[in-house]
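In: Generate a structure from the sequence data that follows.
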Amino acid sequence: MTSPIEGKPISQLHHVIGGGTLSHVRNHLALAAPARGTTARFLHDELGRNGAFSQLHLTSMADPRSEIVTGGDVKDLVDRLVADPITKIIFFNPAIVDFHGQIGAVPSGKYAERLLSREAKDAVLKLAPSDKIIGDIRRKRKDIFLVGFKTTCGATPDEQYAQGLRLVKQGHVNLVLANDTKTRLNMIIVPEEARYHETTNREEALRGLVKIALARANLTYTHSTVLKDMPRVGWQSNEVPANLRGVVDHLIEHDAYKPFLGKTAGHFASRGMAPGEFLTSARGENFNELGNNGLVRVFAQNADEVIAHAAKPSVGGQSQRIIFSRFPGLDSIVHFHAPLKEGVSDIPIRDQWMFECGSHQCGKNTADGLAEIRPGIHAVMLDNHGPNIVFGNDADPADVIDLIESRWDLGRKTGGAIPPAYRLATPAFA
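Out: Numbering: from 1, shown residues only. Okay, the predicted model is just below:
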């Protein structure tokens, strides 16, 4: 395939999927998720305006010429896109019927026995949840950049945010545009739990979505090799610097690590003894249970080869590796998601919207922004994300804690508050 603009071979192809779907119950009877493909068309055009080549896939509800009718047809399309090595970004915007239904003992289907109205006065339709399609995409292809969409109706902004963030976390989605059909509020939600372009202007939000997706789609990551039979390092181990332990214990005590679905964002680490070695928080855990879990030992052989003991290392491992390499006199890092207090002006602020946590580019951006705020204590604020605070083994933990307490509001979380039901590993709404 070649680009119609430059006539050159295409090494990456973006796909936009949109429109509503049906779930057949009987002949001439179906459940529907209505959508006309307006958003998908806008995204396809906006990608073109940004010089990105994409293919638009609409269902028959949005384009009568299409043969994509049901959720199963969308899944077949997705399977083909995932199998295509040049697929890079998928904007997954179809309205999928969330349920399939059956009346009586007759198996459902487009050509199932027709239900006659004169005989169906007391017919009961039984609903069961449909299989989710979006969650399979990045389980099969981690290199695909996936954009999802979440619709609420009359939700508060924080509830809307929480529902979108749940799709990010559970669906392995890189970006989610959450919109509320009643309040008309849109917001873009990212894995590091920030939200951008919170607006009732739909086109503004969609333009922002394309801008962030194109910026983040080609970031560089290093995946770790985990040696699961190796032990962790206990939190009370002498290998963990006492000042790092004191700072993190203070953060935990003051609820700086607020769980979402039982897991906490952020990270912390200390330099190890060997070159390229460091101890880091584990990925996908609750730091408030740190005393039981401990730390992961990591050996970064180089930028592209990382070995971890016992569990996956923190998503922030690349930032930690880069910082330890660039600042040999600094030994510990803490990162949490809290905003700066009003009036604070001495902390460098770096834009973060174009970088996903865990990428090499995010690590470089963080290291580039670090500045010495107090003797032996460096810090940077990643905008709408949170600080990285870095210090040496000889730093007094009381000084680090005082800096944190005087600059950041630990009672709040960047991105927004998490409703109580969403803090639990087994949420109340499940």
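
In: residues near Met230, how many?
Out: Using other CB atoms under 10 Å, Met230 is surrounded by 13 other residues. All C-beta spots, glycine's among them, are computed from the backbone N, C-alpha and C.

In: just use 228 as the starting number from now, easier for me
Out: With the count now opening at 228, the last piece we talked about shows up as Met457.

In: quick one, domains of this structure?
Out: 240-443, 452-634 (automatic domain parsing).

In: Could you take those and lay them out as JSON lines, with extra columns for mean pLDDT and distance to Arg650?
Out: Conversion of those to JSON lines gives the following (pLDDT from 0 to 100; distance: least, CB to CB, whole Å):
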{"stretch": "domain 240-443", "mean pLDDT": "95", "distance to Arg650": "10"}
{"stretch": "domain 452-634", "mean pLDDT": "96", "distance to Arg650": "5"}
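
In: So which residues of the stretch 528-657 of the chain form strands?
Out: Under the criterion DSSP state E, counting those that start in this stretch, the stretch 528-657 of the chain contains strands at 532-536, 559-562, 576-577, 598-601, 604-609, 613-618.

In: need those strands in JSON lines with distance to Leu373 and mean neighbour count, can you?
Out: Below are the strands of the stretch 528-657 of the chain laid out as JSON lines (distance: least, CB to CB, whole Å; neighbours: other CB atoms under 10 Å):
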{"stretch": "strand 532-536", "distance to Leu373": "23", "mean neighbour count": "18"}
{"stretch": "strand 559-562", "distance to Leu373": "25", "mean neighbour count": "26"}
{"stretch": "strand 576-577", "distance to Leu373": "25", "mean neighbour count": "16"}
{"stretch": "strand 598-601", "distance to Leu373": "35", "mean neighbour count": "14"}
{"stretch": "strand 604-609", "distance to Leu373": "23", "mean neighbour count": "23"}
{"stretch": "strand 613-618", "distance to Leu373": "24", "mean neighbour count": "28"}
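
In: any chance of those strands in a markdown table, with distance to Glu569 too?
Out: Formatted as a markdown table, the strands of the stretch 528-657 of the chain follow (distance: least, CB to CB, whole Å):
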| stretch | distance to Glu569 |
| --- | --- |
| strand 532-536 | 39 |
| strand 559-562 | 22 |
| strand 576-577 | 14 |
| strand 598-601 | 18 |
| strand 604-609 | 14 |
| strand 613-618 | 16 |
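
In: Among those strands, which comes closest to Ala432?
Out: Nearest to Ala432 among the strands of the stretch 528-657 of the chain is strand 604-609; the distance by CB to CB comes to 21.9 Å.

In: re the thing from before, how about the domains of the chain, which one is nearest Gly642?
Out: domain 240-443 (4.3 Å).

In: Tell me the gap between the closest one and the middle of its chain.
Out: Distance of domain 240-443 from its chain centroid, counting by CA atoms, centre = their mean, to the nearest Å, is 17 Å.

In: Can you name the element that comes right after the top strand by length along the chain?
Out: Among the segments of the chain that qualify as a strand by DSSP state E, the longest is strand 240-253. Sequence-wise, the next helix or strand downstream of strand 240-253 (DSSP states H and E) is strand 256-260.
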